[in-house]
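here's a sequence, model it:
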Amino acid sequence: MTSAPREISDALGLILNQDFRKRLYAEITEGVHEGFDAGTYSTLSALARCLSTHESVSAATLAGSLGLDRSVVSRRCSALARDGLISIDRPPHDERKALLSLTPAGEAAIGVARERLDAAISARTRGWTAEELATFARLIGRFAGDGPLSLTEAQV
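Model prediction:
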C-alpha cells in the first residue's frame, strides 16, 4: 500500500514534469499573441503574479520567483518587450536596474491564458463533484500557501 505522501509526491512529479507543462502551456497560449508561447508563458505569468503583490518588479525579483539565473530572465524579458508584452523601465539613477511591467497586450495575453487554464482544469475535472472540487481547491491552496513547500520573502 502506498503512503499518502508518496502519492502526493508522485502526482506532483507528473504535474511538474517539463513535458506536461510544455503541452499545457502550448494549449493555453496558442494563437494568443506573437511571442507568447509555451516557452514565455512562465515568465509572463510569474511577472503578473509578482505585480499582484508588488508595485514594481525588478528582473532580479522575477528571477528569484522563477528560480532562474538573472541573465536568463533578462533575455526572456527583452524578447517579451520586443513583442510588446512587457515594458522595461530603467531608473535614471541606476541604468543597470530594470523595472518590469505588463503592457496592455501583456495583460490581455495573461487574461486569455488564465481563462484557458481555468477551462483546461474544468475539462480535466469534469467528472468531479462540487464537493471534490472545493476540497481539492482548498487543500492544494493550503499546501502551496502555508505548507512545507511555501517560500518566505527572504528565500525568494
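
contacts, neighbours, all on C-alpha from now
Will do.

how about stretch 25-41: buried residues?
Of all the residues in stretch 25-41, those buried under the rule 16 or more other CA atoms under 10 Å are 25-29, 32-33, 35-38, 40-41.

list the contacts for the closest residue to R90 other than its chain neighbours?
Spatially, and ignoring its direct neighbours in sequence, R90 is nearest to A98 (5.0 Å; CA to CA, 6 or more residues apart in numbering). If a contact means CA atoms under 8 Å, 6 or more residues apart in numbering, then A98 has 58-59, 88-91 as its contacts.

could you redo the last one with a cut-off of 6 Å?
Taking CA atoms under 6 Å, 6 or more residues apart in numbering as the definition of contact, the neighbours of A98 are 58-59, 88-90.

quick check, nearest of those residues to A11?
For A11, the closest of the contacts of A98 turns out to be A59, at 31.4 Å, with distances computed as CA to CA.

next one: phi and psi at that closest one?
With angles defined as degrees, to the nearest 10, A59 shows backbone torsions of phi -60, psi -40.

residues in contact with the strand or helix carrying A119?
Element membership of A119 [criterion: DSSP states H and E] is helix 104-124. Applying CA under 6 Å, 6+ apart, the external contacts of helix 104-124 come out as 28-29, 85-86.

now with 8 Å, please.
Outside of helix 104-124, the residues that reach it under the criterion CA under 8 Å, 6+ apart are 28-29, 32-33, 36, 44-45, 48, 84-86.

cool, stretch 15-31 as well?
Contacting residues not belonging to stretch 15-31 are listed as 14, 36-39, 41, 109, 112-114, 116-117 [CA under 8 Å, 6+ apart].
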